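Visitor: Okay, predicted coordinates and the sequence, questions at the end:
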Amino acid sequence: MRRLSWLGLAFALLLVLPAGSSSADDAITMTGEYYWEEGHNEGVLKKVIFEPTGESTWDVAFYFSFRGRDHIYRGTAEGSLTQGALAGKVRNENEERSFTFKGEFKDGTFEGEHSEVDGSSSWSTGTMVLNP
């Protein structure tokens, strides 16, 4: 009878505990800089948070200031966060503008470019660097 109780408790715990879910502890936070071609502005990426959604896939949020206003652009990314290619797409807060980014991690540092996308058109908006 005691064995059945322990088995029942173990089964109940399996039903209640989340399986394979990612948590904030799994998130990877980086900092960096960006260069905005229009007006030759440089800025600091206060933090960039990558949350895993699968193998080499991420939800991403860029926290930065531009022209005196704080922004958070959110989207997705695919690739490596340590060595090799990384690319993604983010949208601004009101989801009226979209940007892509692509580049490569080499020796732990990402160097890449960002572009604005509008329908089938896109144009370069600058470069960026990310550091762990």
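Guide: All right, it came through fine.

Visitor: Just give me the residue closest to the centre of this structure.
Guide: Val60 (2.0 Å; Cα atoms, centre = their mean).

Visitor: in terms of contact count, name the helices or strands touching the lengthiest strand in the chain.
Guide: Counting by DSSP state E, the longest strand found in the chain is strand 41-54. Contacts defined by 3 or more Cβ pairs under 8 Å, 6 or more residues apart in numbering; DSSP states H and E place strand 41-54 against strand 28-36, strand 57-66, strand 121-131. The way it works is simple: take the backbone N, C-alpha and C, and place the C-beta from them, glycine included.

Visitor: Could you check how far Tyr63 is from Glu104?
Guide: Separation of Tyr63 from Glu104 (Cβ to Cβ, to the nearest Å) stands at 22 Å.

Visitor: whoops, Gly32 was the one
Guide: For Gly32, the distance to Glu104 equals 14 Å [Cβ to Cβ].

Visitor: what do those two both touch?
Guide: Phe110 (Cβ atoms under 8 Å, 6 or more residues apart in numbering).

Visitor: For the residue nearest to the centre of the chain, list each beta-bridge partner.
Guide: Per DSSP bridges, the residues bridged to Val60 are Phe50, Gly75.

Visitor: before we move on, what about His71?
Guide: Applying DSSP bridges to His71 gives these bridge partners: Phe64.

Visitor: circling back to that earlier point, how about the longest strand of the chain, which residues are buried there?
Guide: Neighbour counts using 16 or more other Cβ atoms under 10 Å place 43, 45, 48-50 of strand 41-54 among the buried residues.

Visitor: can you pull the contacts of the nearest residue to Arg67 once chain neighbours are set aside?
Guide: Of all residues not flanking Arg67 in the chain, Asn41 sits nearest, at 7.6 Å (Cβ to Cβ, 6 or more residues apart in numbering). Neighbouring residues of Asn41 by Cβ under 8 Å, 6+ apart: 35, 66-67.
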